[in-house]
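Asks: build me a structure from this.
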Amino acid sequence: MKYLKYTAYVLVLIGALNWGLVGLFGFDLVAAIFGDMTVLSRIIYSLVGLSAIITALTMHQCETIEETESCEYGRCNF
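Replies: Numbers count the residues shown, from 1 in each chain. So this is what the prediction gives:
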């Protein structure tokens, strides 16, 4: 699960940087590298979208939880 979350974070970061480039400069890096809506670029876009869903669903889950007396839910150690 740790590697899935890390991979999802990296792909979401790539997608965010790509959208930043589109918004600021009108430059789509994925389309420039892989072609405009080719099969490969559609796969990249789909993986980024799935990664966003995985990140949204797992962002509040901890890999390890340390019990503390003052907190009902424990403390996340990253």
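
Asks: the longest helix in this protein is where?
Replies: Counting residues, the longest helix in the chain under DSSP state H turns out to be helix 2-25.

Asks: would you mark the buried spots in the following helix or strand past it?
Replies: For helix 2-25, the succeeding helix or strand toward the C-terminus, using DSSP states H and E, is helix 29-34. Under the neighbour-count criterion of 16 or more other CB atoms under 10 Å, helix 29-34 has 30, 31, 34 buried. Yep, even glycine has a C-beta here, placed from its N, CA and C like the rest.

Asks: before we move on, what about stretch 15-25?
Replies: Within stretch 15-25, the residues that count as buried by 16+ other CB under 10 Å are 15, 18.

Asks: all further residue positions should be reported with the first residue as 751.
Replies: Fine by me, first position is 751 from now on; the one you just mentioned is stretch 765-775.

Asks: so for that stretch, mean pLDDT?
Replies: Mean pLDDT, stretch 765-775: 96.

Asks: and for that stretch, what's in contact with it?
Replies: Outside stretch 765-775, the residues within contact range by CB atoms under 8 Å, 6 or more residues apart in numbering are 777, 778, 779, 780, 798, 799, 801, 802.
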